[in-house]
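>>> Predicted model and sequence below, questions to follow.
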Amino acid sequence: MDRNTLIGILLIGVIFIGYSYYNNNKLEKAYDKEINVADSLFVADNYTEAILAYRKAQSYQPRNQYPQKQITEINNIMGLYDDQSSVEDSLQGDTSSGQAGSGETGSELPVSADVKMQNDSELESRYGAFSGAASGEDKFITMENDLVRLVFSNKGGRLYSAELKEYHTYDTLPLILFEGDSTIFGFQFFTRDNHAIETNELYFTPLTDRDYILVEDQPGSFSMRLEAGEGKYIEYTYSLKPDAYMLDLDFKVVGLEDIMARNISSLDLSWEIYMPQQEKGRTNEDNYSGIKFRYFQDEVDGSRSRGGKDVEEFEISTKIQWLAFKDQFFSSVLVADEPFLNAWTQSTKTPESERYLRHMQAKFSVPYNDEPDAVYKMHFYLGPNHYKTLKQYDIELEKLVYLGNNIIRIINEYVIIQLFAWLSKFIGNYGLIILLLTVIIKMFLFPLTFKSYLSQAKMKVLKPQIDAINEKFPKKEDAMKKQQATMALYKKAGVSPLGGCLPMVLQMPILFAMFRFFPGSIELRQQSFLWAKDLSTYDSILKLPWDLPMYGDHISLFTLLMTVSTILTMKINSPSQAGSSQMPGMKGMMYMMPVMFMLILNNYSAGLTYYYFLANLITFGQNMLSKQFVNEEEILKKLEANKKKPVRKSKWQQRLESAAKQKGYTPPRKKK
């Protein structure tokens, strides 16, 4: 290992340590800021806001016990107490899964405190007009069609769990987007007599006797009502269509104009879920998980693909149409007909949990008009990140499938996806589809590949003359003269030193498009080919006894084949690279790049590395074919003939000389 390599490794280590320190310091400052706010609210007896602030502080430092202790103290002061484990205790380990509807959480998730009071006077003091809904018996209603199975709880009137029936996790378990008592969906507001109401804590009354609704030919629906007196209530009406991933929710407020606090223009809506791990590669799946949202009548924003931040937060001060908790291949999206006024959202990694990737939470401002009868329409999209399925809703949900930006996304949307879908109509094996896709793309790019090979052949026949120039100017101080002589030779022979690079550069958008397409393509999910059991994740042929930095704890055969084929292709083509002796370090750099890609792509989609491997083989075959049509002796004769011809001036140079002559300028003649 030379000195430069050692210095490079040390610099990478310093940067990594520095970034870790910066990130931890940033989280600590955010935690301190929220704790100061929460403590101030606590001292001022503003308990409801204090709880929210303590929860926000806890999201920055989940292992810190202080926020939860303060929340418990506030519950005691307000007459509340927990009958189940705290948030921290419930995240320490897995519990046996229970069946939805039994009253058990069936997961390792934190369990919401079940609000209990000593007597009716305390209920009245805490909830006012809504005190009658403060206690009750847990009931569950299941509604399903061919695609989804949804379970609703009367506590909070919320969606309790969402299962996608056509999909399974990597370990063949039912694919559930979220579930359990930790799921929060509810409104917060103050009444006119200053009671803080959280609908997620209260019991709704189902307006149906059925606990199971099967949606087949006609849409199915049911309602749950939160009573606040005669003719005064909040009502949720859920509707589901056959063969649909979209669940409709009508939020109705009736007769509460004399109960709600005066002069309010919005209601706060909280939505929280714990996102389970669905795929084999946890790290890779987490890199594609995050939050996305669309500004009202504007662009989509949110988490960057492969951002991988432990905590990511967005403060959205303008109207938004929808917000999504996005996984690699599935999403839970809340869509509003009338846009939310603003929102705050956060995604927090849960490393202490083996089953769950992230805790996702969002708070919205829902517009509210002080009317006797008001209805607000919202929708839940609970389904796969499938491009054509999402695009049919015409609200840019297809942006949940990350396909790159600008020209990269255009190539994926209008070429790769369409070609992939067309091939899928005739072929059921996705390994063969990728093979045909690669062949079609390489055939389309063959003119550029041939032009690149021809340019390399020209450089190869000029190599002896380049070597002669190098011998003529061996000293470092003559580097400028050597460069000028080399460029003069290229110009006389009519050869561009970039002639081989330009066709390769023009192919780069296709390579980057594939880099974006395969990891996010749900079509490849759990599709096997050869030794790869799932083309959407890595193909492990050997489990390592340790986890290597960057590389991982396994060996991916397609990644290994891609690397070997890349190095062999470079080695075969390297003799044609003229002037390589000028920069001896470049040869080592050429071989280092494939090794770096091997480290990076070892945890990527097997479909991606399989495509790159096929592309290398086809490129090698095209070069062998091109070799049959390229005669190096004829090329040399043509280049020598070009050197005897007068050098043609470019159009730009001709224009400059023409403009100079018009101004009366005559260039000086060379002395004989």
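It's in.
>>> what about residue 190, how many neighbours?
15 (other C-beta atoms under 10 Å). Bear in mind the C-beta positions are built from the backbone N, C-alpha and C, glycine included.
>>> From residue 274, how far off is residue 332?
Between residue 332 and residue 274 the distance is 11 Å, computed by C-beta to C-beta, to the nearest Å.
>>> neighbour-wise, which of those two wins?
Residue environment comparison for residue 332 versus residue 274 gives the larger neighbour count to residue 274, 25 against 21, counting by other C-beta under 10 Å.
>>> tell me the secondary structure for the more buried one?
Following DSSP: H, G, I helix; E, B strand; the rest coil, we place residue 274 in the strand state.
>>> Just the buried residues of stretch 360-372, please?
Taking 16 or more other C-beta atoms under 10 Å as the basis for neighbour counts, the residues of stretch 360-372 that come out buried are 360, 361, 362, 363, 364, 365, 366, 368.
>>> Need the worst-confidence member of the residues you listed.
Least confident entry in the buried residues of stretch 360-372, by pLDDT: residue 368, with 88.
>>> Show me what the closest residue to that residue other than its chain neighbours bridges to in the sheet.
Taking C-beta to C-beta, 6 or more residues apart in numbering, and ignoring the residues beside it in sequence, residue 368 has residue 267 as its nearest neighbour in space, at 4.9 Å. On the basis of DSSP bridges, residue 267 takes part in beta bridges with residue 366.
>>> Setting aside sequence neighbours, what's the nearest residue to residue 37?
With C-beta to C-beta, 6+ apart, the residue lying closest to residue 37 is residue 53, at 5.0 Å.
>>> can you check residue 166 too?
Nearest non-adjacent residue to residue 166, counting by C-beta to C-beta, 6+ apart: residue 147, 6.3 Å away.
>>> I figured the one you found was touching residue 246, is that so?
No: between residue 147 and residue 246 there is no contact, the gap being 10.0 Å when judged by C-beta atoms under 8 Å.
>>> Neighbour count: those two, which is higher?
Neighbour count, other C-beta under 10 Å: between residue 147 and residue 246, residue 147 has more, with 20 against 17.
>>> Distance check, that one against residue 315.
In this view, residue 147 and residue 315 are 34 Å apart by C-beta to C-beta.
>>> next one: residue 290
As defined by C-beta to C-beta, residue 290 lies at a distance of 16 Å from residue 315.
>>> Would you mind telling me which of those two has more residues around it?
Looking at residue 290 and residue 315 with other C-beta under 10 Å, you find the greater number of neighbours at residue 290, namely 25 against 9.
>>> what residue ranges in the stretch 301-450 of the chain are flagged as low confidence?
Confidence mapping of the stretch 301-450 of the chain against pLDDT under 70 gives the ranges 306-308.
>>> Just give me the residue right at the centre of this structure.
The central residue of the chain, meaning the one whose C-alpha is nearest the mean C-alpha position (C-alpha atoms, centre = their mean), is residue 288 at 3.2 Å.
>>> List the residues that contact that one.
When contacts are counted by C-beta atoms under 8 Å, 6 or more residues apart in numbering, residue 288 is found next to 305, 306, 326, 327, 328, 402, 519, 520.
>>> What separation do you get for it and residue 279?
Here the criterion is C-beta to C-beta. By it, residue 288 lies 9 Å from residue 279.
>>> now do residue 160
According to C-beta to C-beta, residue 160 stands 24 Å off from residue 279.
>>> And for residue 251?
Between residue 251 and residue 279 the distance, using C-beta to C-beta, works out to 34 Å.
>>> quick revisit: now do the shared contacts for residue 332 and residue 274.
With contacts taken as C-beta under 8 Å, 6+ apart, the residues that reach both residue 332 and residue 274 are residue 178.
>>> of all the buried residues of stretch 360-372, which comes closest to residue 456?
Proximity of those to residue 456, judged by C-beta to C-beta, is greatest for residue 360, which lies at 51.4 Å.
>>> who does the closest one bridge with?
The bridge-partner assignment for residue 360, based on DSSP bridges, gives residue 273, residue 347.
>>> okay, now the closest residue in space to residue 77 that isn't next to it in sequence: neighbour count?
In space, residue 77 comes closest to residue 47 once its chain neighbours are excluded; the distance is 6.8 Å by C-beta to C-beta, 6+ apart. Using other C-beta under 10 Å, the number of residues around residue 47 comes to 18.
>>> Now tell me which helix or strand of the chain has the poorest mean pLDDT.
Of all the helices and strands that make up the chain, helix 87-90 has the lowest average by mean pLDDT, DSSP states H and E, namely a mean of 40.
>>> Outline the domain layout of the chain.
Taking automatic domain parsing as the reference, the chain has its domains at 1-78, 79-91+98-402, 407-525+605-644.
>>> mind checking which of those is nearest residue 553?
The closest approach between residue 553 and any of the domains of the chain, judged by C-beta to C-beta, belongs to domain 79-91+98-402 at 10.4 Å.
>>> So which residues of the stretch 351-500 of the chain form helices?
Ranges of helices in the stretch 351-500 of the chain, per DSSP state H, counting those that start in this stretch, are 387-391, 406-411, 417-424, 430-461, 463-472, 479-493.
>>> right, so of those helices, which gets closest to residue 138?
helix 387-391 (33.7 Å).
>>> Going by neighbour count, which residues of that closest one are buried?
The neighbour-count criterion (16+ other C-beta under 10 Å) identifies 387, 389, 390, 391 as the buried residues of helix 387-391.
>>> Contacts made by it with the rest, please.
For helix 387-391, the external contacting residues (C-beta under 8 Å, 6+ apart) are 245, 381, 383, 397, 398, 400, 401, 403, 413, 417, 421.
>>> try 6 Å this time
Counting contacts by C-beta atoms under 6 Å, 6 or more residues apart in numbering, the residues outside helix 387-391 that touch it are 397, 398, 401, 417.
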